[in-house]
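> Please find the sequence and the predicted model below.
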Amino acid sequence: MSDFASETGRTFWPEGLSSFLNAAVASHRRAAAFLLLVSLLAFMPGQFGIPPIDRDEPRFAQASKQMVESGEYVDIRFQDDVRYKKPVGIYWLQAITLQVADAIGVPRAATRIGIYRIPSLIGAVGAVLLTYWAALAFVSRRAAILAGLMMATCILLGVEARLAKTDAMLLFNCIVVMGAMGRIYLGRGGEPESIRRRWLLTGLFWTAMAAGILLKGPLILGFAVLCATALVIVDRNARWISGLRPVAGFAWMLALVLPWFVAIMLRAGNTFFADSVGGDMLGKVASGQESHGAPPGYFIVLFFATFWPASILSGLAAPSIWRERREPETRFLLAWLVPAWVMFELIITKLPHYVLPLYPAIAILIAGRLDPLRLSRNVWLERGALWWFVVPLGVGLIAIVGLAVVSGNFSILSWPFAMAAIIFGFRAWWLYDADGPQRAFLRAAAASLFLSIAVYGFIATRIPELFPSDRIARYLRGADCPDPIAAAAGFHEPSLVLLVGTDTQLTDGAGAAEFLRRGGCRFAIVESRQQRSFEQRADAIGLRYKPGPKFDSINISGGRHVVLSIFRSMEEPQ
C-alpha cells in the first residue's frame, strides 16, 4: 500500500518536496534564501497578533518601554522596582526596535507586543541561517540545509521566536561562538587566507561571547568552556586553543562588556550582582525556583516534544553517532552537547528553553546521518515515525476543539492548514520505508510549518479569553475621555502594566476605591475576590462610580479562572 501511494505521488510530482532541497543545494545563496523563506513561514504567523503572554515576556517589554520613556539606558526597572535578573542586552535591542517603530510612525508602538518580539524573530531566523553556516564545517551542504531546516521547524524555537525574551538572541550568539570554535578546532579554511580567516573567526567568537554575556550573563561562556574542557581531556591536547587568541580575545570581550557592568555597579552597587548571580543564576542551581524544579532526565523526556519533528530521527541516528564518536567532527559536536546537557540535568530548576543552545549540535549530528545506510533499521525505532502523524493530528484537533469550547469560535480558516499538517504528517510516517528518511523528514517539516500557521496564525489569535489584559486595554482605549489611567485590584499581571500604562497602580480592593476617589478619567479593574473589599471602601468614603463591563477570562500564567470588573470614577478631578 505504501509503495502504491509513493508511486502515485511520483506520477504527479516526481521529486516531491525534495525538488526544493535540490534547488537550494545548488549554491550558498540559494540555501540561505530557502532557509530564510522557511524561517519566515515558521515564525511569522501570530508574531504580531498574539497578545503579551504573562509573565516574563511583558516584564522584559515593559522594562524596555520604560527605558525609552525615561531616557535611562543603564538601570533596568519594572515600574518602580529594579529588574536585575538579566543584564541589559535584550532591553537595549527592544528599546532600539521601539524607537525605530516610533520614528516610522507605527501607531501605539509602545503597547504593541509584536514590536518587542522583533529581536527574538531576528534571533530565531538568524539562528537557522547560522546553523547552516556552522554545519558546513562538519557536514555536506545538503546536510547543512537539513540541519537548518530542523531548527526552523522545531517546536521550541518556534515558541521562543514569538516571545520578547532573551533566549532566541542568546541562541543566535551561541551558534556564532560554537561555529567559530568548531572551525578553529578542525583547522578549516583555505591556505592563502588561513591567517586572515582565523582572526575573523576569533573576532566573531569573542564578539558573540560579549553579546551573549550582555544578554544572559556568563552562561554562554560556560558552553564554550565545557566544550573546550571536554575536548582537551579527550584529545589530551590543548594546542588548538591558541587559535582562539585567548589573551587578546578576552581583553576585547572585557572592553565590550565592562562599560555597562561598571555603570550599573556605580548606579546600584552590588545589588545587580546579588540579584542576577546570587538570586537568579545560583538560586536555580540550588533550588527549584518558581515551582520549576524537576528531576534529572527531564530534558531528555521533553526533547522529543520540543525538538519535534527532527527528534523522531534522534534514536535512529544514535548508533551511527556512537560508532563515529572518535571522528573530529563528531567529537566536537558531542563536546558541545553532552557536558552542557549533563549540567542542565543536574541543576534543580529546569525550564524547556535552557537546552535550546544545544539543539544546533543535535541537528547537525542527525542531518549528517540522514541516509538509509547510516540510520538504524531497528523496527521499534522506525515505528517512532508514527509521531509525525500523531502530533499534528492531536495538536490540530485539540487546538480547534479548545478554541470552540473556550470562545465559541471554530476558526474555519485554520482548518485547511491543520488538515494539510495532518496529511503531510501521515505521508511522512506511512511512506517512510518507501521513500526513505530524508523525504519523510521533509514531509514532517512541511507538517510542522502548516501546524504553526494553523495554531499561531489562526487559533491563538482568536482566544481573547486567554488574554484579559488585552481585552481591558481595548476597552480603555475606547473610553470617551483622554489619557485614561487605571488601578488593578487582585489582577497584577505585567501584561496589564505594559498595555494600559506604566502608571497603572497595582493595589487591593480598598486601594482601588481610594484611587477612583481622586476623580478624572480613572478606572478600577477589580478581580472578583477583591470586589467586596472595593465596595465596602467605596461605601465608606461615599465614592461615586459607574460599573462597567465584566470580563470572564482565564489567567494563563496562573492557570485559573478570573472575573474582572471595571469601574469608572464619577468624581470631579482633584
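Nice, thanks for sending it over.
> Look at residue 549 and tell me its secondary structure.
The three-state label given to residue 549 by DSSP: H, G, I helix; E, B strand; the rest coil is strand.
> does the nearest residue to it once chain neighbours are set aside sit in a helix or strand, and which one?
If you skip the residues right next to it in sequence, residue 549 has residue 566 as its closest partner in space, 5.9 Å away by CB to CB, 6 or more residues apart in numbering. In short, each C-beta sits where N, CA and C put it, glycine included. Element membership for residue 566 (DSSP states H and E) is strand 560-569.
> Direction included, what does that strand pair up with?
Strand pairing for strand 560-569, using DSSP bridges, gives strand 522-527 (antiparallel), strand 545-555 (antiparallel).
> Which helix or strand lies directly C-terminal to the first one?
Looking back up the chat, that one is strand 522-527. Stepping forward along the backbone from strand 522-527, the first helix or strand reached (DSSP H and E) is helix 531-541.
> what comes up buried for that following helix?
By neighbour count on 16 or more other CB atoms under 10 Å, the buried set for helix 531-541 is 531, 533-535, 537-538.
> mind listing the strands for the stretch 351-500 of the chain?
Under the criterion DSSP state E, counting those that start in this stretch, the stretch 351-500 of the chain contains strands at 485-489.
> ok, now how distant is residue 228 from residue 246?
Applying CB to CB, to the nearest Å, one obtains 10 Å for the distance of residue 228 from residue 246.
> and for the two, which residues touch both?
Shared contacts of residue 228 and residue 246, defined by CB atoms under 8 Å, 6 or more residues apart in numbering, are not found at any residue.
> quick one: which of those two has more around it?
Relative neighbour count places residue 228 above the other of residue 228 and residue 246, with 19 against 13, counting by other CB atoms under 10 Å.
> Quick check: that one is in a strand.
No: when the secondary structure is assigned by three-state DSSP, residue 228 falls in helix instead of a strand.
> Assess the claim that it and residue 178 are in contact.
No: contact criterion CB atoms under 8 Å: residue 228 and residue 178 do not qualify, at 10.4 Å.
> rewinding a little: winner for burial among the strands paired with strand 560-569?
Among the strands paired with strand 560-569, judged by mean count of other CB atoms under 10 Å, the one packed with the most neighbours on average is strand 522-527 (a mean of 26).
> I'd like the mean pLDDT over that strand, please.
Mean pLDDT, taken over the full extent of strand 522-527, equals 98.
> how big is the angle separating that strand from helix 531-541?
Here strand 522-527 runs at 140 degrees with respect to helix 531-541, directions being taken by axes from the mean of the first three to the mean of the last three CA atoms, to 10 degrees.
> follow-up on the earlier one: alpha carbons of the strand holding residue 566, in PDB - could you do that?
Presented in PDB, the C-alpha positions along strand 560-569 are these (Å, rounded to 0.1, in the frame of the first residue of the first chain):
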ATOM      1  CA  ARG A 560      -7.100  29.800  36.900                       C
ATOM      2  CA  HIS A 561     -10.400  31.400  36.000                       C
ATOM      3  CA  VAL A 562     -10.700  35.100  36.800                       C
ATOM      4  CA  VAL A 563     -13.600  37.500  36.600                       C
ATOM      5  CA  LEU A 564     -12.600  41.200  36.200                       C
ATOM      6  CA  SER A 565     -15.000  44.100  36.700                       C
ATOM      7  CA  ILE A 566     -14.200  47.600  35.500                       C
ATOM      8  CA  PHE A 567     -15.500  50.600  37.500                       C
ATOM      9  CA  ARG A 568     -15.200  54.200  36.400                       C
ATOM     10  CA  SER A 569     -14.800  57.200  38.700                       C
END
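> follow-up on the earlier one: can you verify my assumption that the residue nearest to residue 549 contacts residue 522?
No: between residue 566 and residue 522 there is no contact under CB under 8 Å: 11.1 Å.
> so who does residue 397 touch?
residue 418.
> Check the gap between it and residue 421 for me.
11 Å.
> Give the residues shared as contacts by these two.
Common neighbours of residue 397 and residue 421 are not found (criterion: CB under 8 Å, 6+ apart).
> tell me the angle the strand holding residue 566 makes with strand 485-489.
Orientation note: strand 560-569 sits at an angle of 140 degrees relative to strand 485-489 (the same axes, to 10 degrees).
> Please list all residues in contact with the most centrally placed residue in the chain.
To find the centre residue of the chain, average its C-alpha atoms and take the closest one (CA atoms, centre = their mean): that gives residue 160, at 1.1 Å. Residues touching residue 160, when contacts are defined by CB under 8 Å, 6+ apart, comprise 120, 124, 167-168, 171, 353, 356.
> For burial, what's the neighbour tally of the residue nearest to residue 549?
The number of residues packed around residue 566, counting by other CB under 10 Å, is 20.
> Check residue 266 too.
By other CB under 10 Å, 9 other residues sit near residue 266.
> element containing it, please.
Take DSSP H and E as the rule and residue 266 turns out to sit in helix 246-268.
> List the buried residues of that helix.
Counting neighbours by 16+ other CB under 10 Å, the buried set in helix 246-268 is 249, 252-253, 257, 260-261, 264, 268.
> Confidence-wise, which of these comes last?
Lowest pLDDT of the buried residues of helix 246-268: residue 268, 88.
> For residue 257, see how far away that residue is.
Between residue 268 and residue 257 the distance is 16 Å, computed by CB to CB.
> what do you get for residue 490?
Taking CB to CB as the criterion, residue 490 is separated from residue 257 by 41 Å.
> just residue 81 next, same as before
25 Å.
> and the next element down the chain from the helix holding residue 266?
Tracing the chain C-terminally past helix 246-268 and defining elements by DSSP H and E, one meets helix 271-273 next.
> Residues in contact with that following helix: which ones?
Contact with helix 271-273 is made by 82, 84, 264-265, as judged by CB under 8 Å, 6+ apart.
> Off-centre distance for that helix?
For helix 271-273, the distance from its own C-alpha centre to the chain's C-alpha centre is 26 Å (CA atoms, centre = their mean, to the nearest Å).
> buried residues in it?
Going by neighbour count (16+ other CB under 10 Å), the buried part of helix 271-273 is 272-273.
> and it, what's its mean pLDDT?
pLDDT averaged over helix 271-273 equals 83, rounded to a whole number.
> With stretch 20-30 instead?
Stretch 20-30 comes out with an average pLDDT of 96.
> just the helices in the stretch 101-250 of the chain please.
Applying DSSP state H, counting those that start in this stretch to the stretch 101-250 of the chain gives helices spanning 113-135, 141-153, 155-160, 167-186, 194-216, 219-235, 246-268.
> Save the ones you listed as TSV, and put in distance to residue 328 too.
As requested, the helices of the stretch 101-250 of the chain are exported to TSV (distance: least, CB to CB, whole Å):
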stretch	distance to residue 328
helix 113-135	15
helix 141-153	16
helix 155-160	27
helix 167-186	6
helix 194-216	16
helix 219-235	9
helix 246-268	21
